[in-house]
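K.L.:
sequence unavailable; structure follows:
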């Protein structure tokens, strides 16, 4: 079974305890959204604190000359759909609406300069069949996406690592995971 199998059983036991509290949906959604099996949901006060910090970072970037108003949620969704349909072979229609869109702004560097990555956009599509598509886009100083991590859940997890190479974005790594069978296949 190995250490990862025993960790998975331990997590299953923790999730089983959460089922008794009626929070299984929130915990599983948090873990899936983060792509992290150890992620736990945040309290309301933690969410409010993070939102305040995010606004402060956005304001600091704006005062340093970044045109933060150009990066809207609508634009992030358009960038995500273009990436998902183009490089990742998904078939997301323009009429499909994401279930969640967030933007995380970065701090200025210690020297007070604008960092290479100024924001990270997160777009999540939850499908009626229980699957989901998660796209994390990294935006540079010019507010154009330069990298992405994509997770497609359809009974198994299909991961894509997308980076800018030679001026255009390209898939650098592709893997297929089946958690029920402890199976991982590197496709690219």
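P.N.:
Yep, that arrived. Just so it is clear, the structure is predicted and the values come from calculations on it, not from any experiment. Residues are numbered from 1 along each chain as shown.
K.L.:
find the nearest non-adjacent residue to the residue nearest in space to the middle of the chain, please.
P.N.:
Nearest residue to the geometric centre of the chain (C-alpha atoms, centre = their mean): residue 136, 3.7 Å. Among residues not flanking residue 136 along the chain, residue 149 sits closest, at 4.6 Å (C-beta to C-beta, 6 or more residues apart in numbering). No exception for glycine: its C-beta is placed from N, CA and C like everyone else's.
K.L.:
tell me the contacts of residue 121?
P.N.:
71, 76, 79-80, 101-104, 135-137, 139, 145 (C-beta atoms under 8 Å, 6 or more residues apart in numbering).
K.L.:
show me which of those residues are buried.
P.N.:
Buried by 16 or more other C-beta atoms under 10 Å: 71, 76, 79, 80, 101, 102, 103, 135, 136, 137, 139, 145, out of the contacts of residue 121.
K.L.:
which stretches in this structure count as helices?
P.N.:
Taking DSSP state H as the test, the helices found in the chain are 2-21, 24-34, 44-63, 73-86.
K.L.:
which of those has the lowest average pLDDT?
P.N.:
Lowest mean pLDDT within these: helix 2-21, a mean of 42.
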